[in-house]
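>>> Quick one, structure for this:
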Amino acid sequence: MSSYWINWLLLLSLMAYSISSTSGALFAKTHVLIYNDIGTGTQLAVHCKSKDDDLGLYVLAYRQSYEFSFHRDFFLKTLFFCNMQWNGTVYRFDIYNQKRDDYRCGDRCEWNVHGDGACMLNPQTSKFDICYGWNT
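A predicted model of the protein is given here:
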């Protein structure tokens, strides 16, 4: 069998695995949920983007949430980042980085945004205990 056909069979096998796996389904949508946990009375302005999509500006009251969804990239290159502003200061955070988040949250990533950064809901503990600081 020629290497051309072997490469095609390998690619088809990889695609079939990706489609059938629970956390890496190629055509499944990923949902990202962002909660304002800055503090009582503090509004959080959230403006998320990817290389291809500008999701617009949303203003969240304390404990209010914003959700968006998308299809992941086959080559693990999906990245959404958000500018978050409160009290006149703007912070930036990679709210979904496929290389970092795909295996952790699968098709649903939930984040609590607080003063020091954002914490992801850990499916193993059911707590927001996977925390990251703001991008520099």
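>>> What ranges does the protein have for its helices?
Using DSSP state H, the helices of the chain run over 3-20, 98-105.
>>> Would you single out the least confident of these?
Averaged per stretch, pLDDT over those is lowest on helix 3-20, reaching a mean of 52.
>>> For the most centrally placed residue in the chain, give its distance to Tyr132.
Nearest residue to the geometric centre of the chain (C-alpha atoms, centre = their mean): Tyr96, 2.5 Å. Plainly put, Tyr96 is 12 Å away from Tyr132 if you go by C-beta to C-beta, to the nearest Å. Just so you know, the C-beta spots here come from the backbone N, C-alpha and C atoms, and that holds for glycine as well.
>>> From Thr136, how far out is the residue nearest to the centre of the chain?
Counting by C-beta to C-beta - Tyr96 and Thr136 are separated by 19 Å.
>>> now do Val113
17 Å.
>>> With that, I have no additional questions.
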